[in-house]
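Trainee: Have a look; sequence and predicted model below, questions after that.
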Amino acid sequence: MAEYLVCGVDDIPEPGHRVVQCGEAEIGVFRFGGEFHAWHNSCAHRQGPVCQGRLYHRVVEPLANDGTVRMLAHDPERLHIVCPWHGYEFDVVTGQSPGDGSLKLRRVELRVQDGEIYAVL
């Protein structure tokens, strides 16, 4: 295994992300909820550059008392990355696709030390 310096912890906003090359691998490092998460930049659907997609808080549909949808809202506790190729969404923390339970991103181990983030591959 090799370690690669990604960047300083202050170089990634909250919430935010950065895509970097680490040897042969391209990865995305995400900051959300005060924690860092990293994923290989390959969508579990068709291997598109998922980590280059947009970040959105999870969209929810609150139901009225009669069971109808009144509006759309965003869940500030969940952040999703949306693949730019086909729009598949993945939870930034778990890597799981909320629309297809069989799809999950491939995690990259991180180490944070002395204000710097390292990817372990």
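Mentor: Structure's in. What do you need?

Trainee: now His74, which residues is it bridged with?
Mentor: Val59 (DSSP bridges).

Trainee: hang on, it packs against Val60?
Mentor: Yes - when contacts are counted by Cβ atoms under 8 Å, His74 is listed as touching Val60 (7.2 Å). Heads up, the C-betas are built off the backbone N, CA and C, glycines and all.

Trainee: Spatially central residue for this structure, please.
Mentor: Val92 (2.9 Å; Cα atoms, centre = their mean).

Trainee: Next, work out how far apart that residue and Gly48 are.
Mentor: 16 Å (Cβ to Cβ, to the nearest Å).

Trainee: what do you get for Val93?
Mentor: Taking Cβ to Cβ, one finds Val93 at 20 Å from Gly48.

Trainee: In terms of neighbours, single out the busier of these two.
Mentor: Gly48 (18 against 15; other Cβ atoms under 10 Å).
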